[in-house]
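>>> Predicted model, plus sequence, below.
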Amino acid sequence: MGTHEPPTIVRTERGLVISGTRITLYSILDYVHDGWPEDEIRDILRLRDEQVRVALDYIAAHRAEVETEYQQVVTEAEEIRRYWEERNRERFARIAATPPSPEKLALLAEVERRRAQRAAEQAMEEASQHRP
């Protein structure tokens, strides 16, 4: 999309999107439902003002249709999440039950040693600041 072409809402295999982007109206609706202001939606999704305005105007003009599709997208995403969570449940349990390797244990011990050293240094610094 060139800079002179005004943004529009188009239907793709992903659903309703802002032309020239991969941003769906369902993504924008997530932020709208959470009460985000337009400028923050623009910034987080890296859109131009006119792109956000076109999307919000479309949502307002077709609210029932967009909300229905949004609910379908959310439901499908939840079903996919549950499918993969169930499919990987045993694998995750097996991974969690596997004892850490000697290398990992050494790294964890080093991290803990550095944390303790940093805490001791901070305590000494605080103590020196409170001396009369």
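It's in. As the structure is a computational prediction, the values presented were derived from the model and not from experiment.
>>> Please point out which parts of the longest helix seen in the chain sit buried.
Across the chain, the longest stretch assigned as helix under DSSP state H is helix 63-97. The neighbour-count criterion (16 or more other C-beta atoms under 10 Å) identifies 66, 69-70, 73 as the buried residues of helix 63-97. For every residue, glycine as well, the C-beta is placed using N, CA and C.
>>> If we ignore the residues flanking it in sequence, what's nearest residue 55?
Counting by C-beta to C-beta, 6 or more residues apart in numbering, residue 28 is the residue found nearest to residue 55 once chain neighbours are left out, at 5.0 Å.
>>> Does that neighbour touch residue 58 like I think?
No - applying C-beta atoms under 8 Å, one finds residue 28 not in contact with residue 58, separated by 9.4 Å.
>>> Quick check on those two: which one has the bigger neighbour count.
Each of residue 28 and residue 58 had its neighbours counted (other C-beta atoms under 10 Å), and the higher figure belongs to residue 28 (27 against 19).
>>> Quick one, grab the pLDDT at that one.
Residue 28 is assigned 97 on the pLDDT scale.
>>> Quick one: mean pLDDT for stretch 101-113?
In this model, stretch 101-113 has an average pLDDT of 95.
>>> same deal with stretch 75-84?
Per-residue scores along stretch 75-84 average to 96.
>>> Now find how far off-centre it is within its chain.
17 Å (C-alpha atoms, centre = their mean, to the nearest Å).
>>> Low-confidence stretches in the protein?
Within the chain, the stretches with pLDDT under 70 are 1-4, 131-132.
>>> So which residues of it form helices?
Assigned by DSSP H, the helices in the chain fall at 25-33, 38-45, 49-61, 63-97, 102-129.
>>> Kindly present these as a markdown table, with separate columns for distance to residue 16.
As requested, the helices of the chain are exported to a markdown table (distance: least, C-beta to C-beta, whole Å):
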| stretch | distance to residue 16 |
| --- | --- |
| helix 25-33 | 4 |
| helix 38-45 | 14 |
| helix 49-61 | 8 |
| helix 63-97 | 7 |
| helix 102-129 | 46 |
